[in-house]
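**Q** what's the 3D shape of this:
(2 chains)
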Amino acid sequence: MEPVPENIRLVKRAYWLIKLRWIAIVCVVFGTYVSSNVLTITLKAFALYSIATLLTLYNMTVLLLLNRLAKDNKEIPWIAVKTIINFQISADLLILTVLLHFSGGIENPLVFYFTFHMIIASILLSTWESYLQATFAVLLFGLMVLLEYQQLIPHYCLTGFVSRCLHRDGLYVLGTYFIFTTALYLAVYMASYIAVRLRRAEQAYKQVNTSLHEKDRIKDEYVLRVTHDIKSHLTTIQSCLGVVVNKTIGPLDDQQADFISRAHSRVIKLTDFVKTLLRLTEMRLSDELEMGVFSLRNTISNAVAAVKTKAEGKSISLNCNTEPSVDKVFGNPFSIEEVVTNLLLNAIKYTPENGKVTVGVKNENDFAVVEVADTGIGIPENELGKVFQEFFRASNARKVERNGTGLGLSIAKYIVERHNGKIWVESKENNGTKFWFTLPKGT
Amino acid sequence: MENAKILVVDDDLDFTKAIKVVLESEKYTVVTAADRTEGMEKIRVDKPDLVMLDVMMSTWQDGFEMSRELKKDPQYKGIPILILTAVKGRTGIGFKSTAGDPVWLPVDGFLDKPVEPQILLAEVQKLLSKKA
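**A** Below is the predicted model:
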């Protein structure tokens, strides 16, 4: 899995904050309604509903702002996302303080909710930014408590919840404020400690991941070089043996001819295997396929033409059903032809004589779906999940053809996935196999 | 084209020997060269009717460069070129798809190594008859 860049993750978190705020808005409305109408607690309901409305407008604005930023440039600058998150947390603290003021001030146990903001800040922001947010919360809350204590602003007593107003009770105010302040700083200290450790661990995983990718590439390059060298020797061996097998340089007796043709056919099989391995390694190493819009119908016709003789050799009927509405797709025609040819050759190989192989194309929204179906030996159910693995061969396939490479379907999967498509299979043993793959349509 | 002269340029001498035998069985005259310099020299001296080229010799693009050089020269551009190689592109496509592109790969035919003698002979015949 590719690591997610830090700024993309922060953008996701910014959206997460917006989601949390929607929940908070619902809770404010619901809580106000229940408190004032069911529990008959004296509340400034109008003010609280107004705050909920304000919160809704504010949340929509932040959402629009984020969407616009995400639309304007694919990569939102790190600093912009950070500022948005800092601003959101500060604004939330301010709104929570106002909400508290209209719902009993220091009497309201809602003060505990400041702790959640501190945890959120510690997860999303750096440690010093989190402490800054905690200080901001302590100052805001302190100011509200002080102004209410000094009666410079009104205090809305939570009658029905507390037996008497507590905002002028010096010891209660001081004690609560002390606990409030320490709770906030402790929350930041603990949450930041965990968040920093997690971030460090994640960083370490990322480094390991990068180095594994690099090692995998080095291994592929090594395999590429080795297989290339092996292939060039095999090519020459095959050509030299071919001259003898074909009796170009003179006749052979029966025994000589038998041994030479055994060696020759083994070399051919080995060369095919090495070629397929080389192809897979090349695919893994190549950065990009040359993509363009091409006719899928023509590509399928080419693939069908390429395997026609093989099908005729086994008296297999080879049918092609393409929906006329699907044709232009986006991708690399040669690679897709390779996929279809691979699937068709497999279908022919594992279908007994007089069987049926069908290739079809269907329309499905933005994708073309190619289907290759046969009436062959099928794949055992417990092996279906492994057919796309490199070097895997189904147990019944090995009985039919001893010398398969087990790489054809891996290559097909690799190519299809490079086209942002999907490939999958359905099969029942002795009851045929169906392969499908999707390709994005070309415009 | 009876008794046509074919130049095979390939640094794999064992392979060249096998190809030579196959071609001679069809009464072609075969001249061989092991690298680009020797190949160009044989073209001047022997004036072949067809050139068969490997891609990767002393450098990995020798064959391509030699074919570009030949097709640029008015004296030699009429000689058909058949590329015969085991090299495949890193892009996931064989050179086959670009063979014939007058700028990138100005050759007349392209076959992957190893090639079946019948296929090779058919291609040679096709290119020679086109020339004739």
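
**Q** the host helix or strand of A:Lys434 pairs with which strands, and in what direction?
**A** Using DSSP states H and E, A:Lys434 sits within strand A:433-440. Using DSSP bridges, the strands paired with strand A:433-440 are strand A:367-374 (antiparallel), strand A:423-427 (antiparallel).

**Q** make a markdown table from these and add mean pLDDT to it.
**A** Shown next, in a markdown table, are those (pLDDT from 0 to 100):
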| stretch | mean pLDDT |
| --- | --- |
| strand A:367-374 | 93 |
| strand A:423-427 | 94 |
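
**Q** so who does the closest residue to A:Glu221 other than its chain neighbours touch?
**A** Distances taken as C-beta to C-beta, 6 or more residues apart in numbering or on different chains place A:Leu285 nearest to A:Glu221, at 6.6 Å, with adjacent residues excluded. Every C-beta, even on glycine, is put in place using the N, C-alpha and C of the backbone. Residues near A:Leu285 by C-beta atoms under 8 Å, 6 or more residues apart in numbering or on different chains: A:Arg217, A:Asp220, A:Glu221, A:Leu224, B:Arg90.

**Q** of those residues, which is the most crowded?
**A** Within these, neighbour counts (other C-beta atoms under 10 Å in any protein chain shown) peak at A:Leu224, which reaches 18 neighbours.

**Q** name the helix or strand for the residue nearest to that residue when sequence neighbours are not counted, please.
**A** Spatial nearest neighbour of A:Leu224, chain neighbours left out: A:Thr281 (4.6 Å); criterion: C-beta to C-beta, 6+ apart. If you go by DSSP H and E, A:Thr281 is part of helix A:254-285.

**Q** again, but for A:Ile119
**A** Counting by DSSP H and E, A:Ile119 is part of helix A:114-124.

**Q** ok now the very next helix or strand once past that helix, how far from the chain's centre?
**A** Heading C-terminal from helix A:114-124, the first helix or strand you meet, by DSSP H and E, is helix A:127-149. How far helix A:127-149 lies from its chain's middle: 40 Å, per C-alpha atoms, centre = their mean, to the nearest Å.

**Q** now for helix A:127-149, which elements pack on it?
**A** helix A:78-101, helix A:114-124, helix A:170-245 (3 or more C-beta pairs under 8 Å, 6 or more residues apart in numbering or on different chains; DSSP states H and E).

**Q** nearest to A:Met291, of these?
**A** Of all the helices and strands packed on helix A:127-149, helix A:170-245 sits nearest to A:Met291, with 21.7 Å by C-beta to C-beta.

**Q** and that closest one, what does it pack against?
**A** So helix A:170-245, by 3+ C-beta pairs under 8 Å, 6+ apart, packs with helix A:114-124, helix A:127-149, helix A:254-285, helix B:13-24.

**Q** ok, back up a step: just say which of the helices and strands packed on helix A:127-149 is most tucked in.
**A** Of all the helices and strands packed on helix A:127-149, helix A:114-124 carries the top mean neighbour count, a mean of 21, counting by mean count of other C-beta atoms under 10 Å in any protein chain shown.

**Q** average model confidence for that helix?
**A** For helix A:114-124, mean pLDDT is 91.

**Q** likewise for stretch A:430-443?
**A** 89.

**Q** check stretch A:343-354 too.
**A** Stretch A:343-354 comes out at a mean pLDDT of 93.

**Q** report the longest helix in chain B, please.
**A** helix B:117-131 (DSSP state H).

**Q** A:Phe294 belongs to a strand?
**A** Yes: assignment of A:Phe294 by DSSP: H, G, I helix; E, B strand; the rest coil places it within a strand.

**Q** residues near the residue nearest to it when sequence neighbours are not counted, how many?
**A** Leaving aside its chain neighbours, A:Phe294 sits nearest to A:Pro333 (4.2 Å; criterion: C-beta to C-beta, 6+ apart). Neighbour count of A:Pro333, defined by other C-beta under 10 Å: 20.

**Q** what does A:Glu417 give?
**A** There are 13 residues near A:Glu417, going by other C-beta under 10 Å.

**Q** so the nearest residue to it once chain neighbours are set aside bridges to which residues?
**A** Closest residue in space to A:Glu417, ignoring its immediate chain neighbours: A:Ile423 at 7.6 Å, by C-beta to C-beta, 6+ apart. A:Ile423 forms beta bridges with A:Phe437, as assigned by DSSP bridges.

**Q** residues touching A:Ile423, list them.
**A** A:Phe388, A:Ala412, A:Lys413, A:Val416, A:Glu417, A:Phe435, A:Trp436, A:Phe437, A:Thr438.

**Q** cool, and A:Ile377?
**A** Here A:Ile377 is in contact with A:Tyr350, A:Thr351, A:Pro352, A:Asn396, A:Ala397, A:Val400, A:Glu429, A:Asn430 (C-beta under 8 Å, 6+ apart).

**Q** can you give me the pLDDT of it?
**A** On the pLDDT scale, A:Ile377 gets 92.

**Q** for the most centrally placed residue in chain B, what is the enclosing helix or strand?
**A** In chain B, the residue lying closest to the centroid (C-alpha atoms, centre = their mean) is B:Met52, at 1.7 Å. For B:Met52, the host element (DSSP H and E) is strand B:50-53.

**Q** which outside residues touch that strand?
**A** B:4-10, B:19, B:39, B:43, B:63, B:66-67, B:70, B:79-85, B:107, B:124, B:127-128, B:131.
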